[in-house]
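>>> Pasted the sequence and its predicted model underneath.
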Amino acid sequence: MENYLASNIFTPTTQAIHTYIERELLNERLVDALRTPGTQLIVYGLTGSGKSTLLYNKLNQTYEGAISIQCTRETTYEQLLLNAFDQLGPFFTAEKNRSIKEEFGIDFKTIKSNLSQSDNIKMSRILPAQLTPERLIRLFGMSKCCWVIEDFHKLQDLQKQRIAQLMKVFMDHRRKS
């Protein structure tokens with residue numbers, strides 16, 4: 001294992017010389033927690049200490065993707081939900097059509113026929129899809145993504161409480177599955 005100077009790694013005021021260093025025990029514990037369905041993690045430390053670098057390095061090894069939201073003092077619960085839905089970008093089939101094409105040709109030596117068919121169906125919802133925590137949970141599961149909420153501490157207290165309740169819905173849903 002190579003030795004590094006702390007001043008080349010943890011650099012709150014300048015760019016780090018070494019941006020990521022494997023830490024075997026920490027990495028194993030973090031990856032184990034990330035692979036546990038429904039787990040919520042809090043990673044905390046000083047600015048520039050490598051929290052995000054560590055987390056994203058391990059997320060890339062364990063998930064197909066990550067939806068990341070950077071919180072500010074002005075971020076609301078609704079904005080957080082909409083941002084997650086937008087980043088997941090779910091697509092659905094809005095229209096299918098069926099067409100039948102028949103070709104028939106005669107040549108002096110051969111008779112040739114070709115028949116092809118394709119289905120196209122258009123279905124519309126009576127009500128538009130609701131952007132609810134339950135739907136968000138399903139979409140995260142389908143996309144095999146992890147949700148990263150950065151700088152949660154910057155939120156106003158009411159928004160923190162609402163988002164904490166949302167996380168409880170995520171945890172309760174995992175127990176039911």
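Perfect, I can see it now. Numbers count the residues shown, from 1 in each chain.

>>> And K168, how close does it get to C146?
According to CB to CB, to the nearest Å, K168 and C146 sit 18 Å apart. All C-beta atoms are positioned from the backbone trio N, CA, C, and that covers glycine.

>>> Show me which of the two is the more surrounded one.
Each of K168 and C146 has its neighbours counted (other CB atoms under 10 Å); C146 has more, 20 against 12.

>>> Find me whatever residue is spatially closest to L131, sequence neighbours aside.
F85 (5.5 Å; CB to CB, 6 or more residues apart in numbering).

>>> so which helix or strand takes in that neighbour?
Here F85, judged by DSSP states H and E, is contained in helix 77-88.

>>> hang on, the earlier thing: which residues does the residue nearest to L131 contact?
Going by CB atoms under 8 Å, 6 or more residues apart in numbering, F85 touches L131, L136, L139.

>>> So which of those residues wins on neighbours?
L136 (20 neighbours).

>>> and the closest residue in space to that one that isn't next to it in sequence, how many neighbours does it have?
Nearest residue to L136, sequence neighbours excluded (CB to CB, 6+ apart): A84, at 5.9 Å. Around A84 there are 21 other residues, counting by other CB under 10 Å.

>>> Correct me if wrong: A84 contacts W147.
Yes: A84 is within contact range of W147, at 6.3 Å (criterion: CB atoms under 8 Å).

>>> elements contacting the biggest helix by length in the chain?
The residue-count maximum for a helix in the chain (DSSP state H) belongs to helix 157-176. If you count contacts as 3 or more CB pairs under 8 Å, 6 or more residues apart in numbering; DSSP states H and E, helix 157-176 packs onto helix 77-88, helix 133-143.

>>> tell me which residues of it are tucked away?
Q159, R162, I163, L166, F170, H173 (16 or more other CB atoms under 10 Å).

>>> And stretch 69-82, by the same measure?
Applying 16+ other CB under 10 Å to stretch 69-82 flags I69, C71, T75, Y77, L80, L81 as buried.

>>> Burial check on E134, number of neighbours?
11.

>>> OK, contacts around it?
So E134 contacts V169, H173 (CB under 8 Å, 6+ apart).

>>> Could you check the pLDDT of it?
pLDDT recorded at E134 is 88.
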